[in-house]
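**Q** Build the 3D model from these lines:
(2 chains)
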Number of protein chains: 2
Amino acid sequence: MCVLGLGLIGGSVMRALTATGREVFGYNRSIDGVQAARFDGFNATDSITEVLTRAAASDALIVLAVPVPALPIMLDHIRTTAPGCALTDVVSVKGALLRLVTDYGLLDRYVGGHPMAGTAHSGWSAGSPDLFVGAPWVVSVDDHVDADVWTDVMHLALDCRAVVVPARAHEHDAAVAAISHLPHLLAEALAATAFDVPLAFALAAGSFRDGTRVAATSPDLVRAMCEANSEQLQVMLNRAIYRLEQARNGLSAHASVADLVESGHAARVSYDSLVRPDIVTVAVGEDNWRAELAAQGRAGGVIRSALPVRGSRG
Amino acid sequence: MCVLGLGLIGGSVMRALTATGREVFGYNRSIDGVQAARFDGFNATDSITEVLTRAAASDALIVLAVPVPALPIMLDHIRTTAPGCALTDVVSVKGALLRLVTDYGLLDRYVGGHPMAGTAHSGWSAGSPDLFVGAPWVVSVDDHVDADVWTDVMHLALDCRAVVVPARAHEHDAAVAAISHLPHLLAEALAATAFDVPLAFALAAGSFRDGTRVAATSPDLVRAMCEANSEQLQVMLNRAIYRLEQARNGLSAHASVADLVESGHAARVSYDSLVRPDIVTVAVGEDNWRAELAAQGRAGGVIRSALPVRGSRG
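**A** A predicted model of the protein is given here:
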């Protein structure tokens, strides 16, 4: 396994997989990250050519874990040095990445991924082999995906002790716009609005602290993920703005926020009572397997132990 | 001390003050709450006339801790049975209450209060003597307030181990609109928006869970506090909506949310580094004491131990 980018996510993948006995080697652009990983006993280099040559020679699965702006350069290197390797990623948007990977001619062996885990911290030192325990890890079931590569990526996620949620790229992007990117922007708007009000910070307690926690995340990270999912995020922003405008109009007309408060409460109760059935009835590679997995993922299903695979592996 | 309403806040006040050795008696409308308090060894009744007769006879400080809709009935009883008692409250809006208390002719002996503490739970059983430890407790320094009553309310808050933040009613209301009521509506809007998106709850993790935590609060409580502070909340909603619209326009025009993300992050960092100086240089009742306390509260100051009082107590 070859991990490109040894920050919070890539570094945690490297630790988690190494702990299962897998052979893992990695690349990081900054020598600081490389030295930190080596100091902790891991196999890391700052030479992209070296790491990809080794990946090609050992037919390794390549995990893209670099920041979004670095993706084109990485894909260019992979196209040159390791075009036959299976390829996945841990990037928080999937539609844009699908287009990018297509542009670089690497679609055949690509299966997108996204572990829904993180902290407010970043860099190698923030990582942990336990970062993904129990977390949903989206694995793409778009039309093009290859059953063998898909199986490899499923095992990668399960070895990190995540649960696999199969999903199509555009559905993933709409969902994360709603549950990750929108909450970040609401937190920023809340913090910025309160900043201008005298006495506000002096009185702030639980609801403000919780509601602005993710505003402490590095602005570069927040911008990168929000801006990469611009189209879906605009849709969610419009919906949230509409609800807030309705609430303001309700207050203004008849001093009531009943509609918003009751629908929000019902939604949160529904979230708290979410049932996550195991997906067990699908064999990877059988007829219609991608659509079937997408449907079960959409219904809340997760893969907790490896699905069987139909047919041979090459 | 006489506590009217033995829910989460009133019940916690009763526990905290009893623990300091004070004589505390209370009223609750529902007999369930009364019985629960009695079972725990406290002095409680469901007779408002009985409790207020006792308050008048012992010149007790009355603490209004009933839900907002019950306030007029309580004030009517107080006007009839205990009009000479010092009066405070723990209600989350102060401007509307000031008008209400004025309407009932009880302004002279009234000093508004608001402990900034709570949980998602309610009722006597949710209370704790430690609920207010370290929490800001706003005590009104509006023009009318009497130094002796103010001192009694300050001691009430300090005995609950809160820190006292002196503030004027309208400044309090603007601040809590920004740091309590707005976060509740943003949480409701976030939960409701995500509810409609397939796959969203299946992928939801930290930022969504934190961002919607207060949407689990009883809708009646959220409505009561938001609707009672309608005017200030509309101002904050408009500001938040404006920021979100700017972010959406930025995404649409040039795929950037830089302005919102950078101002939100800076605001949260500022909140995290808030300094809370002790207010120690003011004597209650000296010239200009109310304006001086309001200014120091606005600047982040808190009262951690009782201020001296200028002049005699009657």
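
**Q** I'd like the mean pLDDT over stretch A:24-41, please.
**A** Mean pLDDT, computed over stretch A:24-41, is 97.

**Q** Do me a favour and get the end-to-end distance for it?
**A** One end of stretch A:24-41 to the other measures 11 Å (CA to CA, to the nearest Å).

**Q** So for it, what gets flagged as buried?
**A** Going by neighbour count (16 or more other CB atoms under 10 Å in any protein chain shown), the buried part of stretch A:24-41 is A:24-29, A:33-34, A:36-37. Every C-beta, even on glycine, is put in place using the N, C-alpha and C of the backbone.

**Q** repeat for stretch A:229-246
**A** Within stretch A:229-246, the residues that count as buried by 16+ other CB under 10 Å are A:229-237, A:239-241, A:243-244.

**Q** Near chain B, list only the ones from those residues.
**A** Counting by CB under 8 Å from any CB of the partner chain, A:230, A:233-234, A:236-237, A:239-241, A:243-244 from the buried residues of stretch A:229-246 sit close to chain B.

**Q** sorry, back to before: can you pick out the most distant pair from the buried residues of stretch A:24-41?
**A** Spatially, the most separated pair among the buried residues of stretch A:24-41 is A:24 and A:29, at 17.9 Å (CB to CB).

**Q** Now do the contacts for whichever residue of the stretch 51-200 of chain A sits closest to chain B.
**A** Residue of the stretch 51-200 of chain A nearest chain B, by CB to the nearest CB: residue A:188 (2.5 Å). Applying CB atoms under 8 Å, 6 or more residues apart in numbering or on different chains, we find residue A:188 in contact with A:215, A:222, B:243, B:260-261, B:263-265.

**Q** How about the secondary structure of it?
**A** helix (DSSP: H, G, I helix; E, B strand; the rest coil).

**Q** And it, how far from residue B:262?
**A** Going from residue A:188 to residue B:262 by CB to CB, to the nearest Å gives 9 Å.

**Q** any common contacting residues for the two?
**A** Contacts common to residue A:188 and residue B:262, judged by CB under 8 Å, 6+ apart, are absent.

**Q** Measure how buried residue A:270 is and give me the count.
**A** 13 (other CB atoms under 10 Å in any protein chain shown).

**Q** Quick check: longest helix in chain A by residues?
**A** Counting residues, the longest helix found in chain A (DSSP state H) is helix A:230-254.

**Q** tell me the angle that one makes with helix B:230-254.
**A** 160 degrees (axes from the mean of the first three to the mean of the last three CA atoms, to 10 degrees).

**Q** Summarise which helices and strands helix A:230-254 is packed against.
**A** helix A:169-176, helix A:182-195, helix A:258-272, helix B:182-195, helix B:230-254 (3 or more CB pairs under 8 Å, 6 or more residues apart in numbering or on different chains; DSSP states H and E).

**Q** Go again with 6 Å.
**A** Helices and strands touching helix A:230-254, by 3 or more CB pairs under 6 Å, 6 or more residues apart in numbering or on different chains; DSSP states H and E, are helix B:182-195, helix B:230-254.

**Q** starting at the chain centroid, how far to the longest one?
**A** Using CA atoms, centre = their mean, to the nearest Å, we find the averaged C-alpha position of helix B:230-254 to lie 26 Å away from the chain's own average C-alpha position.

**Q** how does chain A divide into domains?
**A** Using automatic domain parsing, the domain parsing of chain A gives A:2-167+A:275-298, A:173-272.

**Q** most tightly surrounded among those?
**A** Among those, domain A:173-272 has the highest mean neighbour count (mean count of other CB atoms under 10 Å in any protein chain shown), at a mean of 22.

**Q** Quick one: mean pLDDT for it?
**A** Taken as a whole, domain A:173-272 carries a mean pLDDT of 95.

**Q** re earlier: would you reformat the domains of chain A as a markdown table and include distance to residue B:149?
**A** A markdown table is the format used below for the domains of chain A (distance: least, CB to CB, whole Å):
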| stretch | distance to residue B:149 |
| --- | --- |
| domain A:2-167+A:275-298 | 44 |
| domain A:173-272 | 22 |
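
**Q** Let me know the secondary structure of the most centrally placed residue in chain A.
**A** Centroid check for chain A by CA atoms, centre = their mean gives residue A:114 as the closest residue, at 3.0 Å. Secondary structure for residue A:114, judged by three-state DSSP, is strand.

**Q** who touches it in this structure?
**A** Taking CB atoms under 6 Å, 6 or more residues apart in numbering or on different chains, we find residue A:114 in contact with A:92, A:138.

**Q** give me the element the nearest residue to residue A:221 once chain neighbours are set aside is part of.
**A** Nearest-residue entry for residue A:221: residue A:122, 6.7 Å, with adjacent residues in sequence omitted and distances by CB to CB, 6 or more residues apart in numbering or on different chains. Using DSSP states H and E, residue A:122 falls within no helix or strand.

**Q** Just to check, residue A:122 is in contact with residue A:9?
**A** No - using CB atoms under 6 Å, residue A:122 is not in contact with residue A:9; the gap is 9.1 Å.

**Q** Strands of the stretch 1-150 of chain A, start to end?
**A** Using DSSP state E, counting those that start in this stretch, the strands found in the stretch 1-150 of chain A span residues A:2-4, A:25-27, A:44-45, A:62-64, A:87-89, A:113-115, A:136-140.
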